[in-house]
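Visitor: just to be clear, the model below is a prediction. Sequence and coordinates:
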Amino acid sequence: MSRLRAEHLYKVFGRRPDQAVGRLEAGADREELRAQGTTAAVIDASFEVEEGQIFVVMGLSGSGKSTLLRMLNGLLEPTSGRVLFDGQDVTALKPRELREVRATKISMVFQHFALFPHRSVLENAAYGLEVQGIPREERDKRATEALELAGLKGWEKSWPDELSGGMQQRVGLARALATDADLLLMDESFSALDPLIRRDMQDQLLELQKTLKKTIVFITHDLNEAMRLGDRIAVMKDGRIVQNGTAEDILVRPATDYVASFIQDVDRSRVLTAGAIMEDTKTDAAALGKDGDEASTITAETPLHELFTPFSSSDDAMIVTDDSGAPVGVIDRERLLAALGEEPQVDENAAANAASDGGAETADGAKNSGVTARA
Amino acid sequence: MPEFHPGDWVESAVDWLQKHLGWLFDFINTVLSGLFDAINAVLGGAEPLLLAGIFAVIAFWLRGLLAGVVAFVGFALIDTFGLWSEAMSTLSLVLAAAVITIVIAVPAGIWASRSKTVSAFVRPVLDVMQTMPAFVYLIPGVMFFSVGTTPGLLATIIFAMPPGVRMTELGIRQVDSELVEAAEAFGTQPKHTLTRVQLPLALPTIMAGINQVIMLALSMVVIAGMAGAPGLGERVYAAVTQVQVGLGVESGVAVVILAMYLDRMTGALNARVSPLGRRAAAKASAMMGRMRFARYKPGTAVALCGVVVLALVAGGMNIAGSGDEGKASAGTNVGKGQQLNMGYIPWDEGIATSYLWKEVLERRGFKPNLKQLDAGPLYTSLAQGQTDFQTDGWLPTTHKQYWDKYGSKMEKLGSWYGPTSLELTVPKYVKGIKSLEDLKGQGKKFKGKIIGIESSAGEMKILKDKVLKDYGLEGEYKVVASSTSSMLAELKRSIQKKEPVVVTLWSPHWAYNAYDLTKLDDPKGSFGKGENLYNVARKGFAEDQPTVAHWLKNFHLKEEQLTSLENKIQDAPKGEEQKAAADWLDEHKGFIDKMAPVPGGKKKQGKDAGKAVNVGYFPWDEAIATTYLWQNILEDRGYKPNVKQLDPGPLYTSLAQGQMDFQTDGWLPTTHEQYWKKYKDRLTDVGPWYGPTSLELSVPEYVKGIDSLEDLKGKSDKFDGKITGIESSAGEMKVLKKVLKDYGLDKEYKVVSSSTSSMLSAIDRSVKQKKPILTTTWSPHWVYSKYPMKKLDDPKGSWGKGDKIHVTAKKDFKKDFPELYGWLKDFHMSEDDLGSLEAAIQNGGKGKEKESARKWLDSRPGLIDKLAPVS
C-alpha cells in the first residue's frame, strides 16, 4: 500500500477551470487553452509514492512541478482529481482539518528557505510545533533536536540573517523535521545553493533518510540531483508527467525525445550501474567464473565509473553478481564503451508505461506503471 | 452645455443631516472632544519643565543622549515663548487624531490587504480624502459640530488617514509570499498568519505610515486652527491674519519643534517595537565599537522608571498646585493665576502685612511669591521692576535714602498705617515715669542704661544725637546698642523679674499687644514727627494690576488690628506665618471683602449669570476690541463667555446654526450682505453700535494729484494698472467692481485679490519705498493712523452709503439671553471710545487683549453699569 497517491490531478488557472478540464480530457491541447486565457498548470498527473521513498519530480520551470507539489498538501486545491495520503483524501478535507494535517503529517522545505527573519533560529525551527500549540519547553527541546539532526547544534540563538545559505536551508530542514511529519515536501530546496554546498546537503539528506525513513517528494530542475536522490523520478513537461521510473529507466529507456534530450548531458558513468548494462547471461557468467580464475567480480550496484580502472588494465570480462554473490551476468570492455557511447533510444515500451500511468483507472494499472526496483 | 451643480444637492443633504442626525453628530462630538480633553488634561496640566523632562527621557530611550538633550532644549524653548499650553493643546490634538486614525487605518489597511474588492473600494476613497481641500470639509464640520476641537480633529483624521491605510496595506502585501506560504504549509490559522508573520514583518512599513499620519496630523492641526481648534494653529492663524510677524514666527518655530520631535520619535519607535527594527538596531550597535556610549540608550525599564518618576513629581506638584488654586472660588477668582512678586523686610509689621496680603491674594486667585529681602536690595528690585510691591515703606524718614534714590522708579500706593512713632518705653509697673522728662535723675533705677537696638538704625541715631541732648539725659544714660531681638529679650526678662527697664521701641509694635507698656511722652517733639507706612510698588504696577493697586490704596489697619496680627504671627511657629495670617483673617470675618473687594461684586451679577455665551469674532480691530470688552463685562456679570476667532463665513454659519450666540462686528447692509442674505432668516440683528463706516480706495499721501476716484482715470501706469485688494470673498471686493464700472476704470485697472494681511504688508512695503500703491481699505481702520494714507473721494456715491456695525446674533438669542440682548441693543460706542479701546488693545500687545480691555474698562468707573446695567 503506497503512502501517497495522486489520481488524475488537474490544475487550471483562469476562467472556468472545470470546463477546461473537460476539454483537456477530451484531448485539447495546452496551447489551445492558453489562447483563451486559461493556463493548465498540471494535466492529468497520477503517481504513487511508497513509504520511505524519495520521489523526485523533475522538470524545467513552468512545467508545473511546483503546482503539483502544492496540491499535495492542499496549498492549492486541484481543479480535478484526488490526493490520497494514508488513504485519506486531502482534497476533500475542511480547512480546519487540512491545517491539522499540514501541522502534524506533512511538512515542507522551500526553495528560498522561507525563514522568518523576525525569529531566531530556534524559534524558526520550533515554528511548526508552536502552531500545534505545544508548550514552549517541549517545543524548544524538539526543535533543538531537529537542529542537531540538521547539523546546526549551537546555532540556536543566532538569527537567520547571520547564517550562510546552506545553513539557512538546514534551519528550513530542521523546521520541517521538528514536527515529525511523515511526508516531506521539498520544493527545489537545494536549487538556491552553491554546487558544493548543494552536494553536501544532498549527502546529508540521503544520510538522514537512512535513519528517518521519511516519505519525501522532492522537486528539482537538476537532473543530476534527481538521479542522485530519487528512488523514482517523474519527468514533467508542459504540465504532464512524461515519464515515471527509476534513474536507470530514464537514462536507459527515455520515454520521449524530450526526456532523451534532457539526459544527454548526464554523466552516465555515475548513474548507470553494472547491472544495467551487463550481458544477462547467467550461464556465461557461471562458465566464466568456473574456468577463468582471473575473472574478477563486481556487484550489480557498482556504478560504471568505478569500472574504468580495472578495464584499463585488463581485457578480460568481469562477472556481475547480485547481493548474495551469485553471478547474474558479465561485462566486457566493449559493452562498457558501447553503453557510455550509446545515444539514448526512445523506448516505446517506457512511453507506453508513462501513458498507461496517465490512463490507468485501476490500482493494477497504477502498479504496472510503477515497475519497481533497480537490478 | 447644460449646467450641473451637484453642490446644491450637497447643501440640502447637509441641511437634512443636521436636522435628522443631530444625535449622531453629538455622539461623535462627545467622543472626539472627550478624547482630546482627556489627553490635554494630562499634557496641559503638568509643569512644563517636568513634562519636557519626560519628553526628553522618551527621546533618550528612543534615540540616545543627544536627542534627549535636544528635545529638552526644544521644549524649554517653547515654554520660554510662552506658548506651552498652546503647544500642549496642539500635541493633544495630534495625539487624539493619531490615535483615532491609527485605530481606523490599520484595520482598514489589513482588510484591504486581504481582499482585492476592499482594496479597490478603499483606494479611490483615500484619494478623495487626501486631495479634497481641507476647507471643503472643515466648514461643513463647523456646521455639524460647532467651532472648536471636533471639526478640527475630524478634518485632521480625514487628512491623516490615507497614508496609514496605504502603508499598512502595502506593508502586508510586501511580506514575502514564500513566508506566508511557509506559515500556511505548517497549518497556521489565517489570524495567526497575520499576527505571527505578516504584521511583525510589515511593522516597519506600518510604522512609517504612522509616522506619516502623525506628521500630516500636525500639519493639518494648524489649518484646523481656522475652525477654532485650540493650540498653535489658532495662534499661527491669528498671527497671520493680524500681521503679527513676530508671534507668527514664534508659533511657527514651536510647530517645527513639535514636528521634529514627533517625527524623530515615531521614526525611532520602529527600532523599539518591531522585531526587525530591534534586529537592525542590534546589528548597528554591534558595528559601532568605540563610539557606542554616545549611542547608549537606556533600556525600556530604565526609561519607564524615569518617566514614571517625573510623572509622579508632576502629578504631585499638580495636586499641590491645585490646592492653591482651590482657595479662590469661581466668583472671587480675580487673579486667574497671575503671578505677583512681593518683597518684605523682616520687620514685624512687614512680615505681618506681607503674609496677610499673600493669603488674601491667593484667596482672590493670584499667585503671589513672597521673598524676604533687606531694605536696600528690596528697594533696588522694586526700582528694577523685579518686585511688584512691598507693604512696609517707612516714609518720609526711615526709608528716606531709598526714596531719594529710587523714588522716580517707584510709586506709592497709599499709606495703610500711621502715624508711626519712635519712643522710649518702660513697663507699666515702673511708676512715676510717663514722659522723657521724667527720666532725668532716675538713671540709677535703670542702671544708667537705655536698651537700644541695632546701632545702624535710624532711631538710635535720633536718640543719641538729639533726644538725649534735648532732655539733658546725656551722661546719665548710656545707650546700649545691641539688636532688636536682644532688646526684646531683655524687655521680656525684666518684665518677668519685674525689674525696671527702659528700651527704645516704636509703634506699631506687637510688644504693646503682648505686654503692658508705657510709651514715654515726647513733649519737646525731639523724636520728630511720626512716619506713615506706605505700600510701595514698582513703576507701572497700578497700570498693570489696577485691581490690586486699588485694593492696596484702600488698605488700612488700625494699631489694634496690626498688633494683634503681629502677635498672632509671633506666636505661630516659624514657617507658619501664612497660616497665622489666615487664622487672623478668619477671626475677622468680612475683613477680606473690605480689603480686597471682588470687582463687580456678587450682588451685581446678571440675571443669566452662570450661562455660557459663545462669542465669535474675526480678526478685524473693532471686532477684537469690542469682543474682548464684552468678554470682560460678561465675566463681571457672572456669565461664562467663550471667545473664538473665526473667518466671517464660518462665523455667520455657526451663528445661523445656533452654535455661536453673537458677534459684534456685523457690517450691514453692504459688506456682510452676502452672509446676511443667506442666513437672515436664522439670524437676529440686535442693532448697530457704531456707524457709519466707509469703504474706499486709498493711496499714500505722497501720490500727488489723485484725491478722488475720478482722478484715477488714465493714471493706471502709475500703479501698474493694479488695485491691491483683500480677500476675494469680501463684500468690498464685490462692490469695487461696480465702483470701477461707474468711474469707467474697469478696463484700465485690474483688481488683485489677496488677503487683508497681504494688502497691509503691501502698503507697508510701498510706503517704506515711497512707491505709489492703490489699495482697498475701509474706515475705521488703524492703517490710517499708522501710514500716511488718504481716502479717495467718491463723488458719485458708488460705494454706497456706509455700513453700520451691528451686533448680530443667532435666531433665538433674544429668547435665550433676554438680559444680554437688552444690553447689546443699547450698546453704542463713539469713535473716540472705540479708538482709545483699540489703541489700548494694540498697545497691550498680542495675547493680552483681554487684560488690556479689562484695564480700559477699569479705568472708566461706572462704564460697566452703563453698558450692562443690573437692577
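Guide: Received the coordinates, thanks.

Visitor: mean confidence score for stretch B:379-391?
Guide: Average pLDDT, stretch B:379-391: 83.

Visitor: one more: stretch A:57-67?
Guide: Stretch A:57-67 carries an average pLDDT of 88.

Visitor: please apply the same query to stretch B:250-264.
Guide: 90.

Visitor: I'd guessed B:H806 sits against B:D685; true?
Guide: Yes - under the criterion of CB atoms under 8 Å, B:H806 makes contact with B:D685 at 5.6 Å. For the C-beta atoms, the positions are set from N, CA and C on the backbone; glycine is no exception.

Visitor: tell me the contacts of A:T299?
Guide: A:A274, A:G275, A:V320, A:T321, A:D322, A:D323 (CB atoms under 8 Å, 6 or more residues apart in numbering or on different chains).

Visitor: so how many other residues sit close to the residue lying closest to B:K524 once chain neighbours are set aside?
Guide: Using CB to CB, 6 or more residues apart in numbering or on different chains and skipping the chain neighbours, the partner closest in space to B:K524 is B:D470 (5.2 Å). The number of residues packed near B:D470 is 17, by other CB atoms under 10 Å in any protein chain shown.

Visitor: neighbour-wise, which of B:H806 and B:D685 wins?
Guide: B:H806 (23 against 14).

Visitor: for that one, which non-adjacent residue is spatially closest?
Guide: Using CB to CB, 6+ apart, the closest residue to B:H806 is B:G666 (4.0 Å).

Visitor: contacting residues for the residue nearest to B:Y749 when sequence neighbours are not counted?
Guide: Leaving aside its chain neighbours, B:Y749 sits nearest to B:I723 (5.2 Å; criterion: CB to CB, 6+ apart). Applying CB under 8 Å, 6+ apart to B:I723 gives the contacts B:L697, B:L736, B:Y749, B:K750, B:V751, B:V752, B:L774, B:T775, B:T776.

Visitor: which SS state does B:I723 fall under?
Guide: strand (DSSP: H, G, I helix; E, B strand; the rest coil).

Visitor: what's the distance between it and B:A730?
Guide: 13 Å (CB to CB, to the nearest Å).

Visitor: what's near enough to touch the closest residue to chain B within the stretch 51-200 of chain A?
Guide: With CB to the nearest CB as the measure, A:A103 is the residue of the stretch 51-200 of chain A nearest to chain B, at 3.2 Å. Residues counted as contacts of A:A103 (CB under 8 Å, 6+ apart) are A:G128, A:V131, A:Q132, A:T179, B:F186, B:G187.

Visitor: same thing with B:H5?
Guide: Contact partners of B:H5, counting by CB under 8 Å, 6+ apart, are absent.

Visitor: A:A247 too?
Guide: A:A226, A:M227, A:G230, A:I233, A:V271, A:R374.

Visitor: just the buried members of these?
Guide: A:A226, A:M227, A:G230, A:I233, A:V271 (16 or more other CB atoms under 10 Å in any protein chain shown).

Visitor: so which of these belong to helices?
Guide: Within the buried ones among the contacts of A:A247, residues falling in helices by DSSP state H are A:A226, A:M227, A:V271.

Visitor: ok, the contacts of B:I723 vs chain A, which is closest?
Guide: B:V752 (58.7 Å).

Visitor: verify the contact between that closest one and B:E727 for me.
Guide: No - in this structure, B:V752 is not within contact of B:E727 by CB under 8 Å, at 11.7 Å.

Visitor: give me the below-cutoff pLDDT ranges for the stretch 501-650 of chain B.
Guide: B:574-575, B:599-604 (pLDDT under 70).

Visitor: please repeat the previous calculation with a cut-off of 50.
Guide: Applying pLDDT under 50 to the stretch 501-650 of chain B picks out residues B:602-603.
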